[in-house]
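**Student:** Dropping the sequence and predicted coords here.
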Number of protein chains: 2
Amino acid sequence: MRADAASHPVFPGPGLESDRALLGRTSMAERLADILRARITEGYFEPGARLSEKAIGTALKVSRNTLREAFRLLIHERLLVHELNRGVFVRVLTVEDVADLYRLRKIVQCAAVRAVAAPPGDRLRPTEVAVEAGMDAAKRQNWQEMGTANLRFHEALTALAGSARADELMGGLLAEMRLVFHVMGDPERFHEPYLARNKEILEALRAGDGPGAERLLADYLDDAEHQLLDAYRSKDR
Amino acid sequence: MRADAASHPVFPGPGLESDRALLGRTSMAERLADILRARITEGYFEPGARLSEKAIGTALKVSRNTLREAFRLLIHERLLVHELNRGVFVRVLTVEDVADLYRLRKIVQCAAVRAVAAPPGDRLRPTEVAVEAGMDAAKRQNWQEMGTANLRFHEALTALAGSARADELMGGLLAEMRLVFHVMGDPERFHEPYLARNKEILEALRAGDGPGAERLLADYLDDAEHQLLDAYRSKDR
DNA sequence: GCATATTTGTCCGTATGTATA
DNA sequence: CTATACATACGGACAAATATG
């Protein structure tokens, strides 16, 4: 049997009552999706849990039609899966999914850094910010912040490719990665040993050595992939 | 003023009446999206056209709620755009979009062929089929078929990367490309001069020369991009 | 700028089909 | 097999925003 979100007595966190009236030029469905996305990535809805239309709809006081629109958004982000006439479930990622995610990440991220031929200057600013934010958060032992800083680092690397679609793609892949990290015992802490390597990659990029940065990044991603795959396989038993 | 789909007197092609009863394990919204996607890629709904909920809903005899679910699907495929309180429109791609599409295509497709280090044998079968289908269709002057064969060729190249997510990504990018081709006077005919180059790339892959195939493909994509960008700019006037 | 008509956004009630205990 | 719970799809309603004259 699967875990069921409907069994939770209450739906925690801020609701929607604050600004129902379509204020920020964002639709109700989008705000709904934001709330649900937060619940999923923080692990409140565990992978495999079913999200009942009725239970969530009544808890958040939105109609089923609106809720379904929010579901669609998250399904497309691959955080939820939809089974016909059965409902939507929090995605359960397999070991094949993890391998696939890293295969595509390597293609896109390595291409992005490889293209760097000369010191990029200001274009490197977001990467620098992410590296510093990560090391600062680690010093303060704020693992939550460190985790998001690390994701920002990878987003910043991808942005070097200069493609909006590549950025959006990576955003989706990294959202899926959050589901992966969650099988680790201490999800946020997982990134800590990689902070130093972030800095190495940044230095190579500062020097305009794209191919060098690519080698560092490829090893980095290989190591992280194997660490996660090992954790996945040991969890299966 | 924009073109409006509602002004069309009838909605051509097969409707939904044939199998309303949820036969093929696919929801009504998905089948609806299939129909609309076909209309868009074949150019019946031109870029910029608004898709009226009422007009299409009554024409296809589906409720607004169901139609909106179908719209959601196509919006996330980037074929439609949604403007709050204004409706959905067929996406209008800008020159920046075209450049962006090719930027990401080069990253993914070039990585896919570059990884080929030895003669791939059976893994190359879909590519071979696509090349032959294209040349056969050209001989029969069936430009429609030639166009789809060409898209299959690029899908087949991408599949060499061995990533389901890369395949899905490329499927989406190529769907967007159909919107681009449509600004060309003779959209299907556009691909004809590239058939010979498809065969060249195939030969390099057969020989196990991934880097050689990558060079050919990079030039290929550069040429196609510039040809389309020129057509786009001249169309703007 | 104003008044009107049209269209979308949201929600509800219900009938039907489907999956599961 | 039956019963129950749920998703699917529909049609109607009203509010809110937009387009039109």
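**Tutor:** That came in fine, so what should we check first? Numbering: from 1, shown residues only, chains lettered A, B, ... in the order given.
**Student:** host element of the most centrally placed residue in chain A?
**Tutor:** Centroid-nearest residue in chain A, with CA atoms, centre = their mean: A:Ala175, separated by 2.3 Å. Assigned by DSSP states H and E, A:Ala175 belongs to helix A:164-181.
**Student:** if we can go back for a sec, if I look at the residue nearest to the centre of chain A, how far off is A:Met184?
**Tutor:** Applying CB to CB, to the nearest Å, the value for A:Ala175 to A:Met184 is 16 Å. (Each C-beta comes from the backbone N, C-alpha and C, glycine too.)
**Student:** Mind checking if the helix holding A:Ala175 is in reach of chain B?
**Tutor:** Yes - using CB under 8 Å from any CB of the partner chain, we find that helix A:164-181 touches chain B at A:164-166, A:169, A:173.
**Student:** From those residues, pick the one nearest A:Phe190.
**Tutor:** When the residues of helix A:164-181 next to chain B are ranked by distance to A:Phe190 (CB to CB), A:Leu173 comes first, at 16.5 Å.
**Student:** Tell me which stretches of chain A form strands.
**Tutor:** Secondary structure of chain A (DSSP state E): strands located at A:50-51, A:80-83, A:87-90.
**Student:** before we move on, the earlier item: just the residues of helix A:164-181 next to chain B now: which is nearest A:Leu157?
**Tutor:** For the residues of helix A:164-181 next to chain B, the nearest to A:Leu157 is A:Ala166 (10.5 Å; CB to CB).
**Student:** Touching, that closest one and B:Ile107? I think so.
**Tutor:** Yes - look at A:Ala166 against B:Ile107 with CB atoms under 8 Å: they come within range, at 6.8 Å.
**Student:** Overlap in contacts, these two.
**Tutor:** Listed as contacting both A:Ala166 and B:Ile107 by CB atoms under 8 Å, 6 or more residues apart in numbering or on different chains are A:108, A:112.
**Student:** give me the low-pLDDT residue ranges for chain A?
**Tutor:** Low-confidence segments of chain A (pLDDT under 70): A:1-27, A:236-237.
**Student:** hmm, try it at 90
**Tutor:** Scanning chain A for pLDDT under 90 picks out A:1-94, A:143-144, A:147-148, A:175, A:178-190, A:231-237.
**Student:** Run through the residues of it sitting next to chain B.
**Tutor:** With CB under 8 Å from any CB as the criterion, chain A meets chain B at residues A:22, A:25, A:27, A:65, A:68-69, A:72-73, A:76, A:84, A:100-101, A:103-104, A:107-108, A:110-112, A:161-166, A:169, A:173.
**Student:** what's near enough to touch A:Val119?
**Tutor:** Careful, residue A:119 is Pro and not Val. Applying CB under 8 Å, 6+ apart, the residues contacting A:Pro119 are A:206-208.
**Student:** what does A:Pro126 give?
**Tutor:** A:152, A:155-156, A:159.
**Student:** longest helix of chain A?
**Tutor:** When chain A is parsed with DSSP state H, its longest helix is helix A:210-235.
**Student:** Can you point out the buried residues in that helix?
**Tutor:** By neighbour count on 16 or more other CB atoms under 10 Å in any protein chain shown, the buried set for helix A:210-235 is A:210, A:212-214, A:216-217, A:220-221, A:224-225, A:228, A:231-232.
**Student:** now, which of the residues you listed sits nearest DNA strand D?
**Tutor:** Each of the buried residues of helix A:210-235 was checked against DNA strand D using CB to the nearest atom of the strand; the closest is A:Tyr232, at 28.2 Å.
**Student:** correct me, but the closest one touches A:Val95?
**Tutor:** Yes - with contacts defined as CB under 8 Å, A:Tyr232 counts as touching A:Val95 at a distance of 5.1 Å.
**Student:** near DNA strand D, which residues of chain A?
**Tutor:** A:6, A:21-22, A:50, A:52-55, A:64-65, A:68, A:82, A:84-88 (CB under 7 Å from any atom of the strand).
**Student:** make it 6 Å
**Tutor:** A:6, A:22, A:52-54, A:64, A:84-87 (CB under 6 Å from any atom of the strand).
**Student:** Of those residues, keep whichever come out buried.
**Tutor:** Here, 16+ other CB under 10 Å leaves A:52-53, A:87 buried among those.
**Student:** picking up where we left off before, what would the residues of helix A:164-181 next to chain B look like in JSON lines with neighbour count?
**Tutor:** Below are the residues of helix A:164-181 next to chain B laid out as JSON lines (neighbours: other CB atoms under 10 Å in any protein chain shown):
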{"residue": "A:Ala164", "neighbour count": "14"}
{"residue": "A:Arg165", "neighbour count": "20"}
{"residue": "A:Ala166", "neighbour count": "23"}
{"residue": "A:Leu169", "neighbour count": "23"}
{"residue": "A:Leu173", "neighbour count": "22"}
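**Student:** can I get those in a markdown table with distance to B:Arg125?
**Tutor:** Putting the residues of helix A:164-181 next to chain B into a markdown table (distance: CB to CB, whole Å) gives the following:
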| residue | distance to B:Arg125 |
| --- | --- |
| A:Ala164 | 34 |
| A:Arg165 | 29 |
| A:Ala166 | 29 |
| A:Leu169 | 28 |
| A:Leu173 | 29 |
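**Student:** ok, the closest residue to A:Ala29 other than its chain neighbours - how many residues close by?
**Tutor:** Distances taken as CB to CB, 6 or more residues apart in numbering or on different chains put A:Glu69 closest to A:Ala29, at 3.7 Å, once the chain neighbours are dropped. As a burial measure, A:Glu69 scores 22 neighbours (other CB atoms under 10 Å in any protein chain shown).
**Student:** what do you get for A:Glu30?
**Tutor:** 14.
**Student:** Once you drop chain neighbours, what's closest to it?
**Tutor:** That would be A:Leu73: by CB to CB, 6+ apart, it lies 6.9 Å from A:Glu30.
**Student:** Give me the neighbour count for the one you found.
**Tutor:** Per other CB under 10 Å, the neighbour tally for A:Leu73 reads 21.
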